[in-house]
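Chemist: okay, predicted coordinates and the sequence, questions at the end:
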Amino acid sequence: MEPFLTTHTGSLPRPSDLEELLYEREDGEEVPGFDRSVLEAVETTVRRQVDAGVDVVNDGEMSKIGYSTYVARRLTGFGPNPSEFRRVHPETADFPDFTPVLGSSSRRFIGLGNACVGEVTLRDPDAVQVDIANLKAAAGPAGARELFMSAASPGVISAFLPNHHYATRQEYLAALVEAMRPEYKAIVDAGLMLQLDCPDLAMMRWAYPSLEDFRREAAENVEALNEAVAGLPPERMRVHLCWGNSESPHTHDVELPDIIDIVLRTVPAGISLEGANPRHAHEWEVFEDVKLPDDRYLVPGVIESVNNFVEHPDLIAQRLGNYAKVVGAERVMGGSDCGFGTFAGVSRVAPSIVWAKMAALAEGARRARARLSPPRSS
């Protein structure tokens, strides 16, 4: 791999009119022109990524209401959550005067009120094929260099769409493995890089009685993930883990050293992780003590996804250089901490600033590559 190629986590700002169409479709309404609107949005977002200088681009998740909850439309077995129980984050007690900044939409996090209430099977095998076709149609005219597509992992689906049907969590995971396997395979077979979204491997440690309880479920999720992608080439896949895409204290986050052994059990070659936010930016040091296997590479976030600062290219180059010092520049790809539109209508960063951040990412990578060049002799 070339040193310091650039990419991002997946979701990008959706046009406001497309967001409205996504809401209408989620409400069960007929939405004339939906497919055309999605294709036009994909064409625009691919072109903007290329214009910003991003090397490995995607469709911005334009067709999805949310990076994890979109599967409720593609699979059977999901409906309104019969339980009103909601976990309360301990930050609420720690910082009672803190008000989370969630975005401007009144219909935030649509789909999060759903749960597994029946047998999970694949209902719409064509949906991923439409996404693939849209991305490929947009890539050629834009001059895109390399393409990726994200998909929810079995573990993150089980976290966001809780089980109210299967006798055990393991049975639910097994059903998700079978139902999602065709989507994963379709993406790889189409020649795209598959990104498996796995926030479940780092997020919500606070909801478990102990670290060991959390680690046990994370390990089960990794086993399910590996089973779902069995037979697919590791080099054509990467996983993304994060601690929740929120501008909040994050004082209850699990630390990377406590989970890195479980993360390294995943089959995909690439590991996308947060590396820019103030709570986890220091964790590149983990790889001074933990050897990254020779067939793996890292995609650290070097731009933040929940604030409106535009990172200086020299800071981006510095962050990339820190990882390069411990694993080698040829095994570092610059990315974002998380998505810029994880759920439709939830936007913490102004769209124009998103594209400025992307341009800064590309320039920072260029500067990082320049620093690798030996000085010229006089």
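Modeler: Perfect, thanks for sending it. Numbers count the residues shown, from 1 in each chain.
Chemist: which residues of the stretch 251-378 of the chain score low on pLDDT?
Modeler: Scanning the stretch 251-378 of the chain for pLDDT under 70 picks out the ranges 373-378.
Chemist: where do the strands sit along it?
Modeler: Using DSSP state E, counting those that start in this stretch, the strands of the stretch 251-378 of the chain run over 270-273, 297-303, 335-336.
Chemist: ranking those strands by burial, who's on top?
Modeler: strand 335-336 (a mean of 31; mean count of other Cβ atoms under 10 Å). Every C-beta, even on glycine, is put in place using the N, C-alpha and C of the backbone.
Chemist: what about that one, distance to the chain center?
Modeler: 10 Å (Cα atoms, centre = their mean, to the nearest Å).
Chemist: kindly report the same for stretch 243-260.
Modeler: Taking Cα atoms, centre = their mean, one finds the center of stretch 243-260 at 15 Å from the center of the full chain.
Chemist: residues of it that come out buried?
Modeler: Under the neighbour-count criterion of 16 or more other Cβ atoms under 10 Å, stretch 243-260 has Trp243, Gly244, Asn245, Ser246, Ser248, His252, Asp253, Val254, Glu255, Leu256, Ile259, Ile260 buried.
Chemist: on the three-state scheme, the fifth one is what?
Modeler: Pointing back at Ser248 there. Of the three states, Ser248 takes coil under DSSP: H, G, I helix; E, B strand; the rest coil.
Chemist: give me the helices and strands touching the helix or strand containing Pro182, please.
Modeler: Counting by DSSP states H and E, the element that carries Pro182 is helix 169-189. Using 3 or more Cβ pairs under 8 Å, 6 or more residues apart in numbering; DSSP states H and E, the elements in contact with helix 169-189 are helix 126-142, strand 146-152, helix 154-160, strand 193-197, helix 211-228.
Chemist: apply 10 Å and report the result again.
Modeler: helix 71-74, strand 114-116, helix 126-142, strand 146-152, helix 154-160, strand 193-197, helix 211-228, strand 237-240 (3 or more Cβ pairs under 10 Å, 6 or more residues apart in numbering; DSSP states H and E).
Chemist: quick check: buried residues in that helix?
Modeler: 172-177, 179-181, 183-188.
Chemist: show me where the stretch 1-150 of the chain has its helices.
Modeler: Ranges of helices in the stretch 1-150 of the chain, per DSSP state H, counting those that start in this stretch, are 16-26, 34-52, 71-74, 91-94, 126-142.
Chemist: ok, and what's touching the third one?
Modeler: If you take Cβ atoms under 10 Å, 6 or more residues apart in numbering as the criterion, helix 71-74 is touched by 25-26, 63-66, 78-79, 111, 114-116, 120, 122-128, 151-152, 154, 156-157, 160-161, 176, 179-180, 182-183.
Chemist: related to what we said a few turns ago, please state the offset of the helix holding Pro182 from the chain centre?
Modeler: Centroid separation for helix 169-189 versus its chain: 17 Å, with Cα atoms, centre = their mean.
Chemist: that helix vs helix 126-142, what angle?
Modeler: If you take axes from the mean of the first three to the mean of the last three Cα atoms, to 10 degrees, helix 169-189 sits at 30 degrees to helix 126-142.
Chemist: what about helix 169-189, average pLDDT?
Modeler: Regarding helix 169-189, the rounded mean pLDDT is 98.
Chemist: next, the angle from that helix to strand 146-152.
Modeler: Computed by the same axes, to 10 degrees, the angle between helix 169-189 and strand 146-152 is 160 degrees.
Chemist: alpha carbons of helix 169-189, as PDB, please.
Modeler: Output of helix 169-189 as PDB, limited to C-alpha atoms (Å, rounded to 0.1, in the frame of the first residue of the first chain):
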ATOM      1  CA  ARG A 169     -28.100 -13.600  22.200                       C
ATOM      2  CA  GLN A 170     -26.000 -16.300  20.400                       C
ATOM      3  CA  GLU A 171     -29.000 -17.500  18.400                       C
ATOM      4  CA  TYR A 172     -29.700 -13.900  17.400                       C
ATOM      5  CA  LEU A 173     -26.100 -13.300  16.300                       C
ATOM      6  CA  ALA A 174     -26.200 -16.600  14.300                       C
ATOM      7  CA  ALA A 175     -29.300 -15.400  12.400                       C
ATOM      8  CA  LEU A 176     -27.700 -12.100  11.700                       C
ATOM      9  CA  VAL A 177     -24.600 -13.800  10.300                       C
ATOM     10  CA  GLU A 178     -26.700 -15.800   7.800                       C
ATOM     11  CA  ALA A 179     -28.800 -12.800   6.800                       C
ATOM     12  CA  MET A 180     -25.900 -10.300   6.300                       C
ATOM     13  CA  ARG A 181     -23.400 -12.700   4.700                       C
ATOM     14  CA  PRO A 182     -24.900 -12.100   1.200                       C
ATOM     15  CA  GLU A 183     -24.400  -8.300   1.500                       C
ATOM     16  CA  TYR A 184     -20.800  -8.600   2.600                       C
ATOM     17  CA  LYS A 185     -20.000 -11.000  -0.300                       C
ATOM     18  CA  ALA A 186     -21.800  -8.900  -2.900                       C
ATOM     19  CA  ILE A 187     -19.700  -5.900  -2.000                       C
ATOM     20  CA  VAL A 188     -16.400  -7.800  -2.200                       C
ATOM     21  CA  ASP A 189     -17.500  -9.600  -5.300                       C
END
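Chemist: perfect, I'm done here.
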